[in-house]
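J.: Okay, here's the prediction I keep looking at, along with the sequence it came from:
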Amino acid sequence: MKLPKHARFATVCLHAGQEPDPTTGAIITPIYQTSTYVQDALGQHKGYEYARTQNPTRSALEANLAAIEGGRAAFAFASGMSAIHAIVTQLSSGDHVIVTDNTYGGTFRLFDKVMTKLGLQFSYVDTSDPSAVEAAMTPATKMVFIETPTNPVLRLSDIAACAEIAHKHGVFLVVDNTFASPCLQRPLELGADLVVHSTTKYLNGHSDSIGGAVIAIQDDQIEWLRFIQNSAGAILSPMDSSLVLRGTKTLALRMVQHTANGVALAEFLSEHPKVTKVIYPGLPSHPQYELAKRQMPNGCGGMLSFEMASLEDARQVLNRFKLMALAESLGGVETLVCHPASMTHASVPPERRAAIGLSDSLIRISAGIEDIEDLRDDLRQALA
Ligand code: P1T
């Protein structure tokens, strides 16, 4: 089983990083559920000493994720948040970071409540406007961190434009690619230096694992990420590594259906009289539709948001869904709905939520891969 040199995306997802098990020929990488490895003699081992540092199941996943994102190395962490945290540990007290103003609430909480205590400074900027990124640069700026599309108002940032500005100032660019997945958006090819994922979402895809990953291309960053993964120890477990490896096998296939259902639900909601606004980058009504077509040429995935006339209307709709589950998280095969203002983004102060257009009547949908007629029926009855 040898991966062809110029294998296409779906083939890479399925096979990269995975050789038949050398002992048995097992086609699936075993779950090496071990804490340590017996050494043949003092100083003689098989490349594995202790399972925080190396684990073959995790290594297979990391090789797989590096290949899928087109990076040189990947590091798997216990959550998306610990992956983001590992990236930030490259910085020192006094360093300044430019961040998309509308990131996932947990990212904002980590930066605002934890990293500022350690002397880092953050400017929350509308990175959908490249000139705002340029204007926020200071002599202390070391990193630009963008999320695109953003969670949950699905604003896009132009990755290539942000990379150009960052590099002009000698600063590195990180892209949180969780909402798009590497199937739909290729940050490293557009000039980003690091990609981060909550593997909890599309990469694992089956709502049964929490995890994160960082994909890197530069030697110094690869060296630091390996060091911090071992030093701080927020590693992904062998069991979870195996689950994500299984998930990525069907990533290409799943993203086609997530996207088809995302488009269909966005179009359905656009025509519904009780819905006041629909946000989906693949709709011509999205203010960045042109950028979406250029930056996400294979489609915009399964994430969409819509607004009702009031919070009370939104509450009623959310409580009436039957097939769609009211839950945090996204990117799994089952359709989920959530109320970002009180759920995923409750840690963002109300005035900041208002400034980024996250209203109290906004409902977020993570379109799963169910039959679209059943999803439309559920939306229709919930809105009735
Ligand atoms: O939950 P965790 O695996 O730690 O990932 C954090 C994270 C990072 N980046 C983005 C863009 C995310 O959406 C998330 C997690 N988001 C949710 C749990 C949610 O429901 O939006």
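T.: Arrived safely.
J.: List the contacts of the residue in the stretch 1-150 of the chain that the ligand sits nearest to.
T.: Closest contact between the stretch 1-150 of the chain and the ligand, by C-beta to the nearest ligand atom, is at G80 (2.3 Å). The C-beta positions use only the backbone N, C-alpha and C, and glycine is treated the same way. When contacts are counted by C-beta atoms under 8 Å, 6 or more residues apart in numbering, G80 is found next to 104, 106, 178, 196-201, 210-212.
J.: ditto for F268
T.: The contact partners of F268, taken as C-beta under 8 Å, 6+ apart, are 376, 379-380.
J.: Which positions in whichever strand or helix holds it come out as buried?
T.: Assignment of secondary structure by DSSP states H and E places F268 within helix 251-270. Of the residues in helix 251-270, those with enough neighbours to count as buried (16 or more other C-beta atoms under 10 Å) are 251-252, 254-255, 257-259, 261-263, 265-266, 268-269.
J.: Could you dump these into CSV with pLDDT and distance to R352 added?
T.: Shown next, in CSV, are the buried residues of helix 251-270 (pLDDT from 0 to 100; distance: C-beta to C-beta, whole Å):
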residue, pLDDT, distance to R352
L251, 98, 33
A252, 98, 36
R254, 98, 33
M255, 98, 31
Q257, 98, 34
H258, 98, 29
T259, 98, 30
N261, 98, 31
G262, 98, 27
V263, 98, 30
L265, 98, 28
A266, 98, 26
F268, 98, 31
L269, 98, 26
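J.: re earlier: counting only helices, which of the contacts of G80 make the cut?
T.: In helices, judged by DSSP state H, the following of those are found: G106.
J.: Can you tell me which of the contacts of G80 is nearest P152?
T.: Looking at the contacts of G80 and their distance to P152, the nearest is Y104, at 8.6 Å (C-beta to C-beta).
J.: Quick one: residues in contact with stretch 342-358.
T.: Outside of stretch 342-358, the residues within contact range by C-beta under 8 Å, 6+ apart are 101-102, 104-106, 108-109, 124, 150-153, 155, 328, 338, 340-341, 359, 364.
J.: So which of those residues reach the ligand?
T.: Intersecting the contacts of stretch 342-358 with the contacts of the ligand gives 104, 106, 151, 328 (criterion: C-beta under 6 Å from any ligand atom).
J.: Can you select the buried ones from those residues in PyMOL?
T.: Selecting only the buried members of those in PyMOL, with burial defined as 16+ other C-beta under 10 Å, works like this:
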select buried, resi 104+106+151
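J.: can you list the residues of the stretch 1-150 of the chain near the ligand?
T.: Counting by C-beta under 6 Å from any ligand atom, the residues of the stretch 1-150 of the chain lying close to the ligand are 79-81, 104, 106-107, 147.
J.: Farthest-apart pair in the residues you listed, please.
T.: Greatest spatial distance in these: S79 and E147, 15.9 Å, computed using C-beta to C-beta.
J.: Compare these two (neighbour count), which wins?
T.: Just comparing S79 and E147: by other C-beta atoms under 10 Å the higher neighbour count belongs to E147, 25 against 19.
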